[in-house]
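*Asks:* here is my input, please return the structure:
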Amino acid sequence: MSALIPKTFLITGVSSGLGRAFAEGALDAGHAVVGTVRNPKDAQAFAALAPGRAHPLLLDVTHLDAIADAVADAERRAGSVDVLVNNAGYGHEGVLEESSIDDLQRQFAANVFGPVAMMKAVLPGMRERRRGHIVNITSMGGFITMPGISFYCGSKFALEGISEALGKEVAPFGIHVTALAPGQFRTDWAGRSMDRTPRSIADYDAVMDPIRAARQAKSGQQPGDPARAAQALLALVDAPAPPMRLFLGDDALGLVEGKMAAMEAEIEQWRALSRSTSFAA
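*Replies:* As a prediction, the model looks like this:
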């Protein structure tokens, strides 16, 4: 067995959920972790997990102007960031017509703009060192879609596209970028962390009411184990040739494979029309 080469992880949103599991898994494996939290109480609790290796960073990733200085300060305290895990974010539930543009802006601020600002903060150092790994926590909702979470899916689709394009930009510098897309995991994502738009249009009752009720009922009973997700993350960042996209969970795999099969069938059905738009030879 090869000896562990300690890394410095920067993980956003380590107070709970997958972020906490990712941080604990990395610390248990002997790595150092800078973890973003949003209040001093959570900072104190995080530092106590592994004194000297767990470094709390008070930061709200939607405060974009604060990110560069905060990351620079963290690197002075904990060392250069080897792995950035953009985990912080939340889900917005609400049909598009009932949801506001403010809802959309808040969703993208947390799930897209904050992660991009974090990437921009670590990329100069990674590029100079010619190594590093950026892991953006997206979702199976960044590839499949479900009614009632259109803004959330849109934000995760955006982060997936940014991740894939960025990976091609920085590959020559030895930097890897992976979109890590979980299915349903046993966290508070569908519970207290979910931002829910109040219902107002009766026409959507038949679509939305059963979905909302089922999601709330399943909160705390999801099939995914956050601790096992953390082990998957460690295997991912230890891989010499990591994938651009990795789905986590049987549910994610099944839904994604179903969508890919449906896409292939639809492409074939409309192939002639797709090809009809080129100039005649």
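
*Asks:* C-alpha only now, for contacts and for neighbours.
*Replies:* Noted.

*Asks:* okay, now the unreliable bits of the chain?
*Replies:* 1-3, 189-193, 220 (pLDDT under 70).

*Asks:* all helices for it, in order.
*Replies:* Secondary structure of the chain, counting by DSSP state H: helices at 17-28, 40-47, 64-78, 101-108, 114-129, 150-170, 205-218, 226-238, 250-269, 271-274.

*Asks:* for residue 176, which of these is the nearest?
*Replies:* helix 150-170 (6.2 Å; Cα to Cα).

*Asks:* give me the residues contacting stretch 72-80.
*Replies:* Residues outside stretch 72-80 that contact it (Cα atoms under 8 Å, 6 or more residues apart in numbering): 8, 32, 34, 53, 55, 57, 81, 121, 125.

*Asks:* now the fifth one, which residues is it bridged with?
*Replies:* So that's residue 55. residue 34 (DSSP bridges).

*Asks:* was I right to think it contacts residue 49?
*Replies:* No - counting by Cα atoms under 8 Å, residue 49 is not a contact partner of residue 55; they are 9.5 Å apart.

*Asks:* of these two, who's got more company?
*Replies:* residue 55 (24 against 15; other Cα atoms under 10 Å).

*Asks:* quick one: contacts for the closest residue to residue 121 other than its chain neighbours?
*Replies:* By the measure of Cα to Cα, 6 or more residues apart in numbering, the closest residue to residue 121 outside its immediate chain neighbours is residue 68, 5.1 Å from it. By Cα under 8 Å, 6+ apart, the residues touching residue 68 are 117, 118, 121.

*Asks:* also residue 197?
*Replies:* Per Cα under 8 Å, 6+ apart, neighbours of residue 197: 92, 93, 94, 98, 99.

*Asks:* now do residue 237
*Replies:* By Cα under 8 Å, 6+ apart, the residues touching residue 237 are 83, 133.

*Asks:* residue 39 too?
*Replies:* residue 58.

*Asks:* what's the burial count for residue 125?
*Replies:* 17.

*Asks:* quick one: residue 246 from residue 142, how far?
*Replies:* In this view, residue 246 and residue 142 are 12 Å apart by Cα to Cα, to the nearest Å.

*Asks:* overlap of the contact sets of the two?
*Replies:* By Cα under 8 Å, 6+ apart, the residues touching both residue 246 and residue 142 are residue 181.

*Asks:* neighbour count: those two, which is higher?
*Replies:* residue 142 (23 against 20).

*Asks:* surely the more buried one meets residue 150?
*Replies:* No - between residue 142 and residue 150 there is no contact under Cα under 8 Å: 10.5 Å.

*Asks:* if we can go back for a sec, distance check, the residue nearest to residue 121 against residue 115.
*Replies:* 12 Å.

*Asks:* residue 4 now?
*Replies:* Counting by Cα to Cα, the gap from residue 4 to residue 115 is 28 Å.

*Asks:* neighbour count: these two, which is higher?
*Replies:* Taking other Cα under 10 Å, residue 4 and residue 115 do not tie; residue 115 has more neighbours (27 against 10).

*Asks:* residue contacts, the closest residue to that one other than its chain neighbours?
*Replies:* Excluding its sequence neighbours, the residue lying closest to residue 115 (Cα to Cα, 6+ apart) is residue 86, at 5.7 Å. With contact set as Cα under 8 Å, 6+ apart, residue 86 has these partners: 11, 12, 115, 118, 134, 135, 136, 137.

*Asks:* same thing but at 10 Å, please
*Replies:* Residues near residue 86 by Cα atoms under 10 Å, 6 or more residues apart in numbering: 10-13, 19, 61, 111-112, 114-116, 118-119, 134-138, 179-180.

*Asks:* and stretch 6-25, how far from the chain's centre?
*Replies:* A distance of 12 Å separates the centroid of the chain from that of stretch 6-25, by Cα atoms, centre = their mean, to the nearest Å.
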